[in-house]
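Novice: Okay, structure incoming, though there's no sequence with it:
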């Protein structure tokens, strides 16, 4: 049986017991207030307070049954109504306190989750930064090494250039050395190097060629061209062949003396490029020559 | 008489005068207590006793309502803080 039905039955009994007297407004309100309290959070959260309200209502009912018209019955009903209202209010307060504690617990969990999330982000960022720092350190070390190597190479190049310059200056004291558009040209007299009409290097010329070889070895990054030249005596065919053989003879000698074979080529140009008048004896002597050209451009890596 | 006075003081200390739902009952309790004192003077002690009981019941209801209002406000605030925290934490 529901509480409402129970109260209806009790009210009917009370009405009959009270000789047909209608319950005062205060008692009707007290019953309704108790019903509301019984249907609220009170039974679950503040059962003791609801029990007090129940006892108070029972007292009011007894007072009404004893003397339906008395002020005591009205006051008892009034007090019972307040006790029921109080039980309901305290039930609501307890429910609110529970909600608050749930929210606070949730707040703590959320804060913990946020902190863990932020810690995770921080760790990730720190890890990335550590990686970037390592990469930067490696790059810095590599760069420092490159700078050091570049500096060492620069020093070596400067030393090599100085050595080459010194060698060429030393060479220029005994041989004709000229700077031209095509490069530095070392000129050796054909009369000193070869017997007339021959392409075999004379023993007396070897010291001069050794000096040239030493100078060329100091300029390993350059390419060299050995050119053979003749005067205009004889046929072009003979002169071309002779100049070619003489150029190759000088080239081979220089290679034997340590000049890199890949860095040196030889060619004969016959009488096509005289430097003096072929009508005179001195002019022809000057035209019979071997030129070694040190190319201006750097072509061979050291 | 003392229990009525104590209940009224308790309601005041609970801040019932600042809670609209509780103010009415605190006022009723004070008025009923005043009526009870007048009844005592008139030697109507039985009626005074009931009036004091009503006063005490009203004061206790005022305390309960003030407590419920405060608890509800705190619960609402805590819930809002959680929602705000979740909203900020998600960004």
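Specialist: Everything's here; your move. The structure displayed is predicted, hence computed values, not measured ones. Numbering: from 1, shown residues only, chains lettered A, B, ... in the order given.
Novice: any idea of the pLDDT on the residue nearest to the spatial centre of chain B?
Specialist: Nearest to the geometric centre of chain B sits residue B:62, at 2.0 Å (Cα atoms, centre = their mean). Residue B:62 is assigned a pLDDT of 98 by the prediction.
Novice: so does the strand or helix carrying it get close to chain A?
Specialist: Per DSSP states H and E: residue B:62 is located in helix B:45-89. Yes. Applying Cβ under 8 Å from any Cβ of the partner chain, one finds helix B:45-89 touching chain A at B:47, B:50-51, B:53-54, B:57-58, B:60-61, B:64-65, B:67-68, B:70-72, B:74-75, B:78-79, B:81-82, B:85-86, B:89. No exception for glycine: its C-beta is placed from N, CA and C like everyone else's.
Novice: Restrict these to the buried ones and give me that as a PyMOL selection.
Specialist: To isolate the buried members of the residues of helix B:45-89 next to chain A in PyMOL, using 16 or more other Cβ atoms under 10 Å in any protein chain shown:
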select buried, chain B and resi 47+50+51+53+54+57+58+60+61+64+65+67+68+70+71+72+74+75+78+79+82+85
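Novice: Secondary structure element holding the closest residue to residue A:231 other than its chain neighbours?
Specialist: Nearest residue to residue A:231 in three dimensions, chain neighbours excluded: residue A:284, at 3.8 Å (Cβ to Cβ, 6 or more residues apart in numbering or on different chains). In the assignment (DSSP H and E), residue A:284 maps to helix A:281-287.
Novice: was I right about the residue nearest to residue A:231 contacting residue A:233?
Specialist: Yes. Counting by Cβ atoms under 8 Å, residue A:233 is a contact partner of residue A:284 at 6.8 Å.
Novice: Could you pull up the residues touching the residue nearest the centre of chain A?
Specialist: Against the mean C-alpha coordinate of chain A, by Cα atoms, centre = their mean, the closest residue is residue A:132 at 5.9 Å. The contact partners of residue A:132, by Cβ atoms under 8 Å, 6 or more residues apart in numbering or on different chains, come to none.
Novice: And residue B:65, how close does it get to residue B:20?
Specialist: Distance of residue B:65 to residue B:20, given as Cβ to Cβ, to the nearest Å: 9 Å.
Novice: List the buried residues of the strand with the most length in chain A.
Specialist: When chain A is parsed with DSSP state E, its longest strand is strand A:289-298. Neighbour-count burial for strand A:289-298 flags A:289-295 (criterion: 16+ other Cβ under 10 Å).
Novice: what sits up against stretch A:95-103?
Specialist: Applying Cβ under 8 Å, 6+ apart, the contact partners of stretch A:95-103 are A:41, A:45, B:68, B:71-72, B:74-75, B:78-79, B:81-82.
Novice: coming back round to it: make sure I have this right: the residue nearest to the centre of chain A is in a helix.
Specialist: Yes. Under DSSP: H, G, I helix; E, B strand; the rest coil, residue A:132 sits within a helix.
Novice: looking at chain B, which helix or strand does the model trust least?
Specialist: Least confident helix or strand, chain B: helix B:2-13 with a mean of 92, by mean pLDDT, DSSP states H and E.
Novice: just to revisit the earlier point, pull out the buried positions in the helix holding residue A:284.
Specialist: Applying 16+ other Cβ under 10 Å to helix A:281-287 flags A:284, A:286-287 as buried.
Novice: Equivalent analysis for stretch A:74-93, please.
Specialist: Those would be A:74-93, for stretch A:74-93 by 16+ other Cβ under 10 Å.
Novice: can you give me how far that stretch is from the chain middle?
Specialist: Using Cα atoms, centre = their mean, to the nearest Å, the distance from the centre of stretch A:74-93 to the centre of the chain it belongs to is 73 Å.
Novice: Contact partners for residue 67?
Specialist: Since you didn't name a chain, this refers to chain A. Residue A:67 makes contact with residue A:73 under the criterion Cβ under 8 Å, 6+ apart.
Novice: wait, I meant chain B there
Specialist: A:89-90, A:93, B:14.
Novice: repeat that for 7 Å
Specialist: Neighbouring residues of residue B:67 by Cβ atoms under 7 Å, 6 or more residues apart in numbering or on different chains: A:93, B:14.
Novice: Alongside chain B, which residues does chain A contribute?
Specialist: A:72, A:75, A:78-79, A:82-83, A:85-86, A:89-90, A:92-93, A:96-97, A:99-100, A:103-104, A:106-107, A:110-111, A:114 (Cβ under 7 Å from any Cβ of the partner chain).
Novice: check which helix or strand covers residue A:168.
Specialist: Secondary-structure element containing residue A:168, defined by DSSP H and E: helix A:71-172.
Novice: tilt between that helix and strand A:289-298?
Specialist: For helix A:71-172 against strand A:289-298, the angle by axes from the mean of the first three to the mean of the last three Cα atoms, to 10 degrees is 170 degrees.
Novice: Would you tell me what the next helix or strand after helix A:71-172 is?
Specialist: Downstream of helix A:71-172, the next assigned helix or strand under DSSP H and E is strand A:176-180.
Novice: Who does that next one pair with, and is each partner parallel or antiparallel?
Specialist: Within its sheet, strand A:176-180 is paired with strand A:183-189 (antiparallel), according to DSSP bridges.
Novice: Please state the offset of the partner strand from the chain centre?
Specialist: 56 Å.
Novice: contacts for it?
Specialist: In contact with strand A:183-189 (Cβ under 7 Å, 6+ apart) are residues A:168, A:171, A:175-178, A:208, A:212, A:289-296.
Novice: let's see it at 6 Å
Specialist: Defining contact as Cβ atoms under 6 Å, 6 or more residues apart in numbering or on different chains, one finds that strand A:183-189 is touched by A:175-178, A:289-296.
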